[in-house]
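Participant: here's my sequence, what's the structure:
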Amino acid sequence: MMLDKFYVWTSCDLNAENLPIRTGQLRARLEHYPLMIASQLLVGVLLCVMMWDAVAHPVLLGWLTAQFAVHLVEVYYLLRYRDRLQGMAECRAWRTRLILLVSMVGAIWGSAGVLMFVPGDLAYQTLLICVILGVAAGAVTLNPVFPPSLYIFLALLILPVALLSFSIGDRAHLILGVLLFIYLVFVLNAGRGLSRTFEQSLRGEWENARLVGQLVQQKARAEQAQQDAELASRMKSQFFAAANHDLRQPMHALAMYVEVLKSGALSEQARATVMQLERSVEVMCAMFDTLLDISRLDAGVVQVNVEPFSLGPLLNKLRGEFEMLAQDKGLRLEMDSCSDTVGSDPLLLERILRNLLANAIRYTERGGVTVACRRVAEGERIEVCDTGIGIPPEHLPHIFEEYYQVSNRQRDRSKGLGLGLAIVERLARLLGFQMQVHSTLGEGACFSFVIPACEPGVMIADKPAA
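Facilitator: This next block holds a predicted model:
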């Protein structure tokens, strides 16, 4: 009986009229599911590592095992039922599954706020709360498309540690509990606003699709359909732009809180813990910024500003930034002198080269890294080559996938997050470059692409955002 009531509650706003909208919400949620699972697993492992010296090891290992078990259940349902999201019955079933799965994940993360709460140690308490708030901000970023699951997850995530703070009873923890409740209200409101914006975007897209279908017989309505399509595209762009601006603020606030904590009078042990906290927040901010960058690239809201410019100043700038980093590892950094003029977006091209150089230096232990420029018929061929570990042939088709790292199965954060090449591939696609990779295992790898040539002073039309 209880399960039947729960089933009815999860489907109370689902009917034949809004079925395409609800199905679109669920599809968007399922598209982000693998990224959410991977992100939460990474943060969970990182949290246990940071709390290793303060919390009983069986508690940490038990919590981590429970987290892995719940995510395995999510992966099972995702692989088995993802392609069956068609029709009213399956839509109802998936809404119920999502709420149940998200409730389990939220309960696991909420229990961390109690199980890993270190009495009397403000530094570890601050570390734990920062992680919990970061997970909440990430959930609002990737999970605003299905409000019931988001609200349940945020409540299960934040309320346990807030109530625990109230139960301690001293002034500092009472204030902390109030702040946590305020933060909960803030993220719930942000999630609701983003959800409404996304639903409006879906409704606009669905309506435009219906109008386009009628254009076969009603040519007179073509102009109105085009206007509606442009409106839906703008709404979707505004949704992701709002998420990019508003959701970075909580992470930046966490970094500011750490700076305030550093400025206080702390014991040596507490100061060491705060330094560890600072490094952890930096990793979380980097991960959060990278995830938002990927989301913006996938959404097609990144604008391409094509203009003629010389490669020389750009290469000199990158040489100045990476030469010291290479020398610290005992590597040579060689760059060809190139003054040719090309036509592209200099900022996006710089981002591509910076990611390729950072990746090459990170995975090269001896030898060097070379950036070569070669004039070809199509334009200027750029090659970034290293003498590093190389890439096995069977891994080459996967290196541009998120979180895919050939030689970092232990998820060592000093070797990056596995997102650099994913961003490179998206930027190259946006600029119209064909990224090529050649590698020999144990000898190194070479990434190359061709930039269209351009005569100085020639105006170039911008490419549309992908």
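
Participant: quick one: residues contacting S111.
Facilitator: 63, 160 (CB atoms under 8 Å, 6 or more residues apart in numbering). C-beta: built from backbone N, CA, C; applies to glycine.

Participant: and it, what's its pLDDT?
Facilitator: Residue-level confidence at S111 comes out at 92, pLDDT.

Participant: would you mind measuring from it to H398?
Facilitator: Distance check for S111 against H398: by CB to CB, to the nearest Å, it reads 34 Å.

Participant: also I132?
Facilitator: In terms of CB to CB, I132 sits 32 Å off from H398.

Participant: those two: who's more crowded?
Facilitator: Between I132 and H398, I132 has the larger neighbour count (other CB atoms under 10 Å), namely 24 against 11.

Participant: OK, contacts around that one?
Facilitator: 109, 112-113, 157-158, 161.

Participant: and those, which of them are buried?
Facilitator: 109, 112-113, 157-158, 161 (16 or more other CB atoms under 10 Å).

Participant: how about those residues in a markdown table, adding secondary structure?
Facilitator: Output for those, formatted as a markdown table (DSSP: H, G, I helix; E, B strand; the rest coil):
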| residue | secondary structure |
| --- | --- |
| W109 | helix |
| A112 | helix |
| G113 | helix |
| L157 | helix |
| I158 | helix |
| V161 | helix |
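
Participant: would you point out the most distant pair within these?
Facilitator: Taking CB to CB as the measure, these span a maximum distance of 11.4 Å, between A112 and I158.

Participant: I'd like the average pLDDT over the helix or strand hosting Q40.
Facilitator: Q40 belongs to helix 19-50 when assigned by DSSP states H and E. Average pLDDT, helix 19-50: 78.

Participant: mind listing what's buried along the following helix or strand past it?
Facilitator: Using DSSP H and E, the helix or strand that follows helix 19-50 in sequence is helix 57-81. Across helix 57-81, burial judged by 16+ other CB under 10 Å covers 60, 63-64, 66-67, 70-71, 74, 77.

Participant: V376 against I451, yeah?
Facilitator: No. Under the criterion of CB atoms under 8 Å, V376 makes no contact with I451, lying 10.0 Å away.

Participant: and those two? which has more neighbours close in?
Facilitator: Taking other CB under 10 Å, V376 and I451 do not tie; I451 has more neighbours (20 against 9).

Participant: so the more buried one makes contact with D345?
Facilitator: No. Applying CB under 8 Å, one finds I451 not in contact with D345, separated by 10.2 Å.

Participant: same question for the helix or strand containing E259, mean pLDDT?
Facilitator: Using DSSP H and E, E259 falls within helix 248-262. Helix 248-262 comes out with an average pLDDT of 73.

Participant: got the contact list for the residue lying closest to A162 once chain neighbours are set aside?
Facilitator: Using CB to CB, 6 or more residues apart in numbering and skipping residues adjacent in sequence, the residue nearest A162 is L180, 3.8 Å away. Contact analysis of L180 by CB under 8 Å, 6+ apart lists 129, 158, 161-162, 165.
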